[in-house]
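Visitor: Got a sequence here, can you model it:
(chains A, B and C)
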Amino acid sequence: MTTTTTGTRSTAKGATGTAHTRVEGRDKVTGAARYAGEIPFADLAHGWLVVSTVARGRIRSIDTAPVLAQPGVLAVLHHENAPRVETDYVGMLGVPDPTCAVFQHDRVPHLGWPVALVVAETSEQAREAAETLVVHYEQESHDVEFSSARPDAYPADGYMPAVAEKGDLEAELVASDAIVDEEYTTPEEHHGMMEPHAATALWDGGRLEVVDSNQGATWVVGELAKMFSLDPASVRVRSEHVGGGFGSKGVRAHQVAAVMAATVLHRPVRVVMTRRQMFSLTGYRSPTAQRVRLGADADGRLRALEHRSLNLTSTVHEFIESAAGPARVMYDADAHHTANRVVRLDVPTPTYMRAPGEAPGSFALESALDELAEKCGLDPIELRLRNEPERGPVSGLPFSSRNLPACFREGARRFGWADRDPRPGLRREGRWLLGTGTAAASFGAGAGPSTAVATAEPDGTFTVRIAAADIGTGARTALTLIAADALEVSPDRVRVRIGDSDFGPAMIAGGSMGTRSWGWAVMTAATELRGRLALGADIPPEGITVRSDTTAAVGALARKERHSFGAQFAEVAVDVTTGEVRVRRMLGIFAAGRIVNPLTARSQLIGGMIWGISMALHEEAIRDRATGGLYGADLAGYHVATHADVPFVEADWVDDPDPDDPVGIKGIGEIGIVGAAAAVANAVWHATGVRHRNLPIRPDRVLQALPREPHA
Amino acid sequence: MREFGYQRAHDVAGAVALLGADPEARFLGGGTNLVDLMKTGVERPARLVDVRELPLDGIEATADGGLRIGATVTNSDLAAHPEVRRRYPALTQAVLAGASGQLRNMATVGGNLLQRTRCGYFTDVTKRCNKRVPGSGCPAIEGEHHNHAVLGASAHCVAVHPSDMGVALAALDAVVTYETADGPGELPLDDFYLPVGDTPHRETALPQGALITGITLPPIPVAANSRYRKVRERASYAFAIGSVAAALDVHDGSVRDVRLAFGAVASRPWRARTAERVLAGAPADAGTFAAAADAELAAADPLPHNAYKVTLIRNLVVAVLTELTEEATR
Amino acid sequence: MDPASPALSTYSAITLNINGEKHTLSADHRTTLLDALRERLDMTGTKKGCDQGQCGACTVLLDGRRAVACLQLAVAAEGREITTIEGVAEGEELHPVQQAFLDLDGYQCGYCTPGQICSAIAVIEEHAAGWPSAVTDDVRPEAGPPPLTADEIRERMSGNLCRCGAYVSIVRAVARAAETAASTEERRAARSGGSAPAADDKDKGAAA
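Guide: Numbering: from 1, shown residues only, chains lettered A, B, ... in the order given. Next up is the predicted model:
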């Protein structure tokens, strides 16, 4: 392993907290790291999904004969001949989205719904056959119209209660000196990870093997076992390298279709989604329509806070984008009302996407705070500091730690906030108007039960096995450092193996909980192993192995408000003649627990902030009302930030170890995006004097919102 | 992608002969657009004639002092060529504003002229599109059209031409040369693209089976003071939502010579001759520039969600011509 | 040639010259260079991100110039020198661009990384050849080659999307590798003043 530290330690308290390059780094820069679709199998057949071209209706018939006659075509699976699967179960994240239970009935609930899988000897043959497969539909009229005025919207819980209310909102608003009452919208957004979903399934000696790209191997095992009525022990899922996940890489149509085909054909079958298919089959972030009402005293103290969010979901599965959630953590008020509602439309099912709830919710809430600061004549940071709650505003629980003020103080100092003239539209540099903005961030800090296996090898090295997933987070490296510290050895004597369900149950890479949950299990196993070795026993040829299970310890955590916090700062330039917005610099200061590996942690936080830039300025999937499908469902039509959109972005942190975690970790996967879009939007207001409450802030929207300028 | 035959041509006459009169055959240049369209099913040729190795990869001075650019010159080589950078800087800027370094290395000048619209209805075979399936309708007019045409469109199609290079070429009076089985021909860029009308699927005036052999740029001194400005929805690697190519010569405060073209506003690079007429001989100031833009844009017929393009182009014209005036009088 | 000739078979026996080695295969004409590498030759370092020329993950070098392998038909790549990520290191010694990505954490999930690295190698060469970019103020040859600022690197690398958002570290890595290349050049040539300035992190993105 290459590290940026020098020398080796005999006792290594301190591998964590210093910068280490990724243990798999060499494999990644040489192309040697193999991702799911890249592991060779003898006798491999290729499956290609066929998706619906109507947004609602029934499959009347499928003309399989001409396609089966094409060279190389082995099978066409569809609702009339595919193996049956079970969907009536509760998995790790609740009931399954039936979108992944492919080919079970003739109903089509959205455009891009999987209707068949064509399997052929080569991918070219499978693709052509899939594209020429004729499917006849009985088309019904569809409804994909999302708006805040939907009468059929209803409150729904998701992963938090739908509604939380205290105090008399209207009375407090009337009594307020300053009021903000605005609607904010965020569009449909897609994960767009660079590696498409891919899986190869095969039966090997009565055992189902799936080589996949996912965020949790044992999670996927659990789902596949339930769907195919198998003993989980007879299913093995491997997922060694994962080309990004961001919430989208769970159980999806491709794994299930691959398992079906491997079952029917008795040979390995690989299914890789096309980029276009990913836009309808792998989830996305629902658009939101959010209304925020704030009422404050003249000194900025909040009397009233209302945050109501609406998102959409499909007709087959309920997913709630809990955008009203952040208000329950961030700010208290005498009257405090929050609600998440949903409307069911003929669209694909949305899902978790990096900071679900917090990302869109913080855009609305933190924009509204900025508007309130303007109305109160207060500095936006001062306004937030005056509204720091003592306890959870809704729960009444104490915070495990809440270092938001420290983040703002450090961020303001480094960003040069004190020199800011709060008046908008004053700074100009050539054709660019300049402005700065800030916003607060929070994201839940949790842990999930995990097991790990630590082995002392006879050659003096150590092997740690855990069904963790490194989706780019640096988890593999972080776990290596945690294990090394627990074992009190140099990290280069520790080999961490991940991404294999045979290593035992473990938390997924999700909810910013992966590394914390796995780190806990790895620390526990490694610490116990060190204790055994301290007894001085000889190491037998098979090594000495210790297994840990954190279920009880995680379950024993006291109920508290547990969150990471952060302060986001952005400077933007706006060309008022063209509507172009460029972010010129960005700084995020976070209180996010103990930082295990500063090198990769910084990358991850900055990556989140870049998502914020992308969310603020670029990302928007446009749903075509007439067809019910997306317009421009590809990476040229769906814009994510490029190199040229991203300036110098800096992330750093204040000391904030979690006292209840054995390693002190809170989790950093998601907080980087939270508040980032609001900081950019607030900076756009500061540059131009115009509020943008509808993301993304596209040039056409900027141009239309600006007063027409006479030309100098 | 369906199966197809592949042949590699080694000379121009051979290429033209290989293609023949087969409507199912296509010339393959860099493939950056054609191969993509074959994957999405928009193009389904039965046969490709690969012309990338034809000896058309040179950039040479013409006898009258212009430049002749071969059809298989890559976008990268065109942009990097010293004579292009010196005498037609807007062309270099336009080419560099398009696509990415990788795609510019592959894409050819001839192919660039023939690239198809990126309208999301055109590129998605599950949707209706008059350009792809004549008579099927144009859903953009009632649907998504914030990056569609405001000039020269029709009730049958409102798609825009995606080329940046073409906008500079339109401003610079480029002439397209081609070869057919019956001999060579040429078309000024103005006449190269057909009006949309009720035949949006017919995009160019090239005869069936013609092979573009190159582009000729006339010697226009004003082009040495030229510029291309492109606005898009991210800072790079995106198609334009509006662009302007302009060349300007100012003498004693008045416009002595000017060329002006707009991108992403019409089914073709839009030569702004009306604006040029307003500019000719007029004072080189922001008022004139705005008036010229307004004169050209008076013909604009925006849809509900693309009217911003009129403002955008107007502002770009003023900004670019102002910059060129400063440079011309420096 | 008669259009009905055997050349119109939909398969061809082709020989591809990859990383200095010849590989002969029978290729379906539909097969892109990307699929030939990944599925026929088991060279999976070149990644498939979009398969449409919209992400840059499949960037390789064709005759020394960067190109996307997904839009390059394999049959049309015959006769060209193809360099993939597997061919850029000198044996065990990483290419300076690879080393810089590794040292500076110029990646996260790693899937766009081979494409970013191949692209960066070409960017440094394109810049050394004096090519301007879309952010070069004055493209006239008399203006001389633009300094390889952070903004220049960003624009030139923009054909390579990274959804993890590793851009900041990637730009640093490209700048470091370019400095290495430049200082190697400089040591070779006698100092004549005016070296290529290093990329400046604090460089303002917009108003340059």
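
Visitor: Could you give the separation of the longest helix that chain C contains from the chain centroid?
Guide: If you go by DSSP state H, chain C has its longest helix at helix C:167-188. Between the mean C-alpha location of helix C:167-188 and the chain-wide mean there is a distance of 15 Å, by C-alpha atoms, centre = their mean, to the nearest Å.

Visitor: wouldn't residue A:698 be in contact with residue B:233 here?
Guide: Yes: with contact defined as C-beta atoms under 8 Å, residue A:698 and residue B:233 form a contacting pair (5.7 Å). Quick note: C-beta positions are derived from backbone N, CA and C, even for glycine.

Visitor: Mind checking which residue lies nearest the centre of chain C?
Guide: residue C:119 (2.2 Å; C-alpha atoms, centre = their mean).

Visitor: who's in contact with it?
Guide: By C-beta atoms under 8 Å, 6 or more residues apart in numbering or on different chains, the contact set of residue C:119 is B:101, B:102, C:56, C:59, C:66, C:157, C:159, C:160.

Visitor: and it, that's in a strand?
Guide: No: Residue C:119: not assigned to a strand; according to DSSP: H, G, I helix; E, B strand; the rest coil it is helix.

Visitor: Phi, psi for residue B:165 please.
Guide: Recorded main-chain torsions at residue B:165 are phi -50, psi -40, according to degrees, to the nearest 10.

Visitor: what's the distance between it and chain C?
Guide: Distance, residue B:165 to chain C, by C-beta to the nearest C-beta, to the nearest Å: 13 Å.

Visitor: What number of residues are in the vicinity of that residue?
Guide: Per other C-beta atoms under 10 Å in any protein chain shown, the neighbour tally for residue B:165 reads 30.

Visitor: tell me the contacts of it?
Guide: B:75, B:78, B:91, B:94, B:95, B:98, B:109, B:112, B:113.

Visitor: does the strand ranked longest in chain B come close to chain A?
Guide: Across chain B, the longest stretch assigned as strand under DSSP state E is strand B:240-251. Yes: counting by C-beta under 8 Å from any C-beta of the partner chain, chain A has neighbours in strand B:240-251: B:241, B:242.

Visitor: show me the contacts for residue A:234.
Guide: Counted by C-beta under 8 Å, 6+ apart, residue A:234 has contacts A:206, A:207, A:208, A:225.

Visitor: Could you list the domains of the chain?
Guide: If you meant another chain, say so; for now it's chain A. Annotated domains of chain A cover A:25-33+A:448-555, A:45-141+A:192-281, A:397-446+A:559-712 [automatic domain parsing].

Visitor: Not quite, go with chain C.
Guide: When chain C is cut into domains by automatic domain parsing, you get C:6-87, C:96-188.

Visitor: The closest residue to residue A:279 other than its chain neighbours in helix, strand or coil?
Guide: Among residues not flanking residue A:279 along the chain, residue A:633 sits closest, at 3.9 Å (C-beta to C-beta, 6 or more residues apart in numbering or on different chains). Secondary structure assignment for residue A:633 (three-state DSSP): coil.

Visitor: what do you get for residue B:238?
Guide: coil.

Visitor: The closest residue to it other than its chain neighbours and chain C, how far apart?
Guide: Spatially, and ignoring its direct neighbours in sequence, residue B:238 is nearest to residue B:232 (4.1 Å; C-beta to C-beta, 6+ apart). Separation of residue B:232 from chain C (C-beta to the nearest C-beta) stands at 11 Å.

Visitor: So residue B:232 sits against residue B:164, correct?
Guide: No: counting by C-beta under 8 Å, residue B:164 is not a contact partner of residue B:232; they are 9.8 Å apart.

Visitor: Could you look up the SS state of the residue in the stretch 351-500 of chain A that chain C sits nearest to?
Guide: Residue nearest to chain C within the stretch 351-500 of chain A: residue A:472 (3.0 Å; C-beta to the nearest C-beta). Under three-state DSSP, residue A:472 falls in the coil class.

Visitor: Can you read off the pLDDT for it?
Guide: Residue A:472 is assigned a predicted lDDT (pLDDT) of 98.

Visitor: Please apply the same query to residue B:1.
Guide: 81.

Visitor: what's near enough to touch residue A:635?
Guide: Listed by C-beta under 8 Å, 6+ apart, the contact set of residue A:635 reads A:192, A:275, C:49, C:50, C:52, C:54, C:55, C:161.

Visitor: give me that answer again for 7 Å
Guide: Neighbouring residues of residue A:635 by C-beta atoms under 7 Å, 6 or more residues apart in numbering or on different chains: A:192, A:275, C:50, C:54, C:55, C:161.

Visitor: out of the residues you listed, which is most surrounded?
Guide: residue C:55 (31 neighbours).

Visitor: on that earlier part again, can the domains of chain C go into TSV with extra columns for distance to residue A:413 and mean pLDDT?
Guide: Conversion of the domains of chain C to TSV gives the following (distance: least, C-beta to C-beta, whole Å; pLDDT from 0 to 100):
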stretch	distance to residue A:413	mean pLDDT
domain C:6-87	38	95
domain C:96-188	21	96
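
Visitor: how about these, which one is nearest residue B:257?
Guide: For residue B:257, the closest of these is domain C:96-188, at 18.9 Å, according to C-beta to C-beta.

Visitor: how about the residue in the stretch 451-600 of chain A positioned nearest to chain B, secondary structure?
Guide: Nearest to chain B, among the residues of the stretch 451-600 of chain A, is residue A:577, at 3.8 Å (C-beta to the nearest C-beta). At residue A:577 the chain is in coil, as set by three-state DSSP.

Visitor: Once you drop chain neighbours, what's closest to it?
Guide: Nearest residue to residue A:577, sequence neighbours excluded (C-beta to C-beta, 6+ apart): residue B:315, at 3.8 Å.

Visitor: Tally up the residues packed near that neighbour, please.
Guide: Close neighbours of residue B:315, defined as other C-beta under 10 Å, add up to 26.
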